[in-house]
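Engineer: Quick one, what's the 3D model for this:
(one chain, ligands or ions: 1)
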Amino acid sequence: MTDLPHIRTVMDFMRYFNTDEKCLAYIIDLKFGKDGWTCRICNYNQYTYLPSHESVRCNRCGHEESIISETIMKNTHKPLAEWFWAIYTISTQKTGISAMELYRQMDFGSYQTAWAWLQKLRLGMVSEDETDKLKGTVEVDETYLYSGDEQGRSLKGNKALVVGAVEVYKGYASGRVFLREISSASAANLESFVKDHIVKGSTIITDSWGGYNGLKRFGYNHKPVRLNIPEDASKQLPKIHIVFSNLKAWITGTHRFVSKKHLQNYLNEFTVRFDNRRNPIEVFNDVLKLLMFQRSRTYEDFTEPAHPYYPNPKHIKKYYKETPKSNWKYFLGWTAIIGGTLTTLYAIKKISERKNNGGTK
Ligand SMILES: [Zn+2]
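Structural biologist: Below you'll find the model as predicted:
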């Protein structure tokens with residue numbers, strides 16, 4: 001894979017990916033690594049791009065291979081450059097885009113297709129990397145997202161409880177953010193959130209809620225602040241309260257309604273948008289990779305009860321790894337181990353029997 005292009009601005013992006021050939025070359029880079037494309041029939045490595053077939057054709061034997069089959073881009077008959085532009089805009093712009101807006105702008109077949117496309121993009125936005133845990137001084141607090149008129153019609157259905165963490169820097173700056181929907185503010189829920197997203201040894205500032213009392217046990221430097229009235233929260237824990245109010249404004253402003261069932265997916269998307277320090281081209285790259293390597297998913301994939309919404313980013317791994325480990329390999333492995341052990345035990349038994357027999361003779 002070639003290095004990431006140095007793209008800092010929208011204009012850079014448009015110059016870099018202004019033709020389908022350039023986009024295709026980039027996809028081939030992502031897909032086939034530094035060796036590039038090789039014909040699976042004759043091993044030749046020169047090809048011709050056939051835009052109307054969304055495929056490449058071997059220049060020696062004529063074998064044709066689809067580049068975007070099994071991806072969300074197949075059968076859409078949109079130029080790749082247009083796709084690239086849409087993915088870039090959606091994955092990097094601060095406010096994001098609603099499914100309705102995307103449906104109109106990209107001329108999707110249906111609203112549902114646009115919606116499924118966005119859900120997929122959101123899944124591509126969460127880092128699963130251990131090194132991306134928050135560190136230093138971190139504020140942690142919970143907030144309710146309400147339905148109805150209480151706080152701006154943000155959620156369809158019930159109110160939802162969300163725990164959030166944000167890195168605190170000196171002055172006005174905030175660092176990275178994690179958010180998770182939780183069933184209650186129990187110690188178990190809060191502790192598992194902290195352990196999943198914050199490096200041990202970090203300083204954690206919370207209110208004096210008892211659910212946080214156990215954090216010291218897990219190696220955190222816990223500093224609870226005492227709030228005399230609830231309004232103190234925004235003064236004592238200012239950074240996380242800015243995150244919460246941005247989150248509420250974003251949900252109401254861009255999406256108007258978010259169902260509770262899909263809330264975590266939206267929280268993940270917000271997390272990425274709030275992270276100013278990430279280079280836009282990295283975000284674009286991650287999302288593009290996800291789109292290239294996983295099969296095209298439909299509206300039903302996200303709404304079908306058998307595949308419920310993945311409750312937190314850790315679970316995405318489970319559903320979205322390209323090739324699940326096949327069970328037969330485990331089966332063979334265990335058979336070999338158990339078989340080997342039994343044979344050894346049998347052999348030992350035989351030898352000791354022979355020795356005993358030898359002794360009596
Ligand atoms: Zn060939």
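Engineer: ok now the host helix or strand of G164, how far from the chain's centre?
Structural biologist: Secondary structure from DSSP states H and E places G164 in strand 160-168. Between the centre of strand 160-168 and the centre of its chain there are 18 Å (CA atoms, centre = their mean, to the nearest Å).
Engineer: Contact residues of the stretch 101-250 of the chain facing the ion?
Structural biologist: The stretch 101-250 of the chain comes close to the ion at no residue, as judged by CB under 5 Å from the ion. Quick note: C-beta positions are derived from backbone N, CA and C, even for glycine.
Engineer: what ranges do the strands span in the stretch 101-250 of the chain?
Structural biologist: 137-145, 155-156, 160-168, 174-182, 203-206, 221-224 (DSSP state E, counting those that start in this stretch).
Engineer: Confidence-wise, which of the ones you listed is weakest overall?
Structural biologist: Set side by side, these give their lowest mean pLDDT on strand 155-156, at a mean of 54.
Engineer: picking that back up, how big is the angle separating the strand holding G164 from strand 174-182?
Structural biologist: 160 degrees (axes from the mean of the first three to the mean of the last three CA atoms, to 10 degrees).
Engineer: Give the buried residues for strand 160-168.
Structural biologist: A160, L161, V162, V163, G164, A165, V166, E167, V168 (16 or more other CB atoms under 10 Å).
Engineer: returning to what we had before: any chance of JSON lines for the strands of the stretch 101-250 of the chain, columns distance to T38?
Structural biologist: Shown next, in JSON lines, are the strands of the stretch 101-250 of the chain (distance: least, CB to CB, whole Å):
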{"stretch": "strand 137-145", "distance to T38": "48"}
{"stretch": "strand 155-156", "distance to T38": "50"}
{"stretch": "strand 160-168", "distance to T38": "45"}
{"stretch": "strand 174-182", "distance to T38": "40"}
{"stretch": "strand 203-206", "distance to T38": "51"}
{"stretch": "strand 221-224", "distance to T38": "54"}
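Engineer: For Y111, find the nearest of these.
Structural biologist: strand 155-156 (16.1 Å; CB to CB).
Engineer: residue ranges with poor pLDDT in this protein?
Structural biologist: Residues of the chain that meet the criterion pLDDT under 70 lie in 1-4, 69-77, 93-95, 120-131, 146-158, 171-173, 230, 275-279, 290-330, 358-361.
Engineer: Show me which helix runs longest in it.
Structural biologist: Longest helix of the chain, by residue count under DSSP state H: helix 327-360.
Engineer: how far out from the middle of the chain is that one?
Structural biologist: 47 Å.
Engineer: Count the neighbours of the residue lying closest to F32 once chain neighbours are set aside for me.
Structural biologist: Computed as CB to CB, 6 or more residues apart in numbering, the closest residue to F32 that is not its neighbour in sequence is T38, at 7.5 Å. By the criterion of other CB atoms under 10 Å, T38 has 14 neighbours.
Engineer: ok, now T341?
Structural biologist: Quick note: T341 (other CB under 10 Å) scores 10 neighbours.
Engineer: Then D107?
Structural biologist: With other CB under 10 Å as criterion, D107 counts 11.
Engineer: How about the one 4 residues further on?
Structural biologist: Burial of Y111, expressed as a neighbour count using other CB under 10 Å, amounts to 14.
Engineer: my guess is it meets A99, correct?
Structural biologist: Yes. Using CB atoms under 8 Å, Y111 is in contact with A99, at 6.2 Å.
Engineer: what's the domain layout of the protein?
Structural biologist: 1-36+68-127+279-320, 130-263, 324-351 (automatic domain parsing).
Engineer: TSV please, covering these and showing distance to L50.
Structural biologist: Below are the domains of the chain laid out as TSV (distance: least, CB to CB, whole Å):
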stretch	distance to L50
domain 1-36+68-127+279-320	10
domain 130-263	38
domain 324-351	33
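Engineer: Let me know which of the ones you listed is the nearest to Y47.
Structural biologist: domain 1-36+68-127+279-320 (8.7 Å).
Engineer: ok, I97 to Q112 distance?
Structural biologist: As defined by CB to CB, to the nearest Å, I97 lies at a distance of 16 Å from Q112.
Engineer: what's the answer for R226, then?
Structural biologist: In terms of CB to CB, R226 sits 49 Å off from Q112.
Engineer: Neighbour count: the two, which is higher?
Structural biologist: Q112 (16 against 8).
Engineer: what helices or strands is the helix or strand where L30 lies leaning on?
Structural biologist: Per DSSP H and E, L30 falls inside helix 20-32. Contact here means 3 or more CB pairs under 8 Å, 6 or more residues apart in numbering; DSSP states H and E; on that basis helix 20-32 packs against strand 47-50, helix 80-92, helix 280-293.
Engineer: Run the angle between it and helix 280-293 for me.
Structural biologist: Going by the same axes, to 10 degrees, helix 20-32 makes 70 degrees with helix 280-293.
Engineer: Give me the distance from helix 20-32 to the chain's centre.
Structural biologist: Remark: helix 20-32 is offset 22 Å from the chain centroid, using CA atoms, centre = their mean.
Engineer: Taking helix 80-92 as reference, get the angle to it.
Structural biologist: Using the same axes, to 10 degrees: helix 20-32 against helix 80-92 is 60 degrees.
Engineer: For helix 20-32, list the C-alpha coordinates in PDB.
Structural biologist: Output in PDB follows, covering the C-alpha atoms of helix 20-32 (Å, rounded to 0.1, in the frame of the first residue of the first chain):
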ATOM      1  CA  ASP A  20     -12.200   7.400 -12.100                       C
ATOM      2  CA  GLU A  21      -8.800   6.000 -13.000                       C
ATOM      3  CA  LYS A  22      -7.100   7.700 -10.100                       C
ATOM      4  CA  CYS A  23      -9.800   6.500  -7.700                       C
ATOM      5  CA  LEU A  24      -9.500   3.000  -9.100                       C
ATOM      6  CA  ALA A  25      -5.700   3.000  -8.700                       C
ATOM      7  CA  TYR A  26      -6.300   4.000  -5.100                       C
ATOM      8  CA  ILE A  27      -8.800   1.300  -4.500                       C
ATOM      9  CA  ILE A  28      -6.500  -1.300  -6.100                       C
ATOM     10  CA  ASP A  29      -3.700  -0.100  -3.800                       C
ATOM     11  CA  LEU A  30      -5.900  -0.500  -0.800                       C
ATOM     12  CA  LYS A  31      -7.200  -3.900  -2.000                       C
ATOM     13  CA  PHE A  32      -4.200  -5.600  -3.400                       C
END
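Engineer: Since that was my last question, I'll sign off now.
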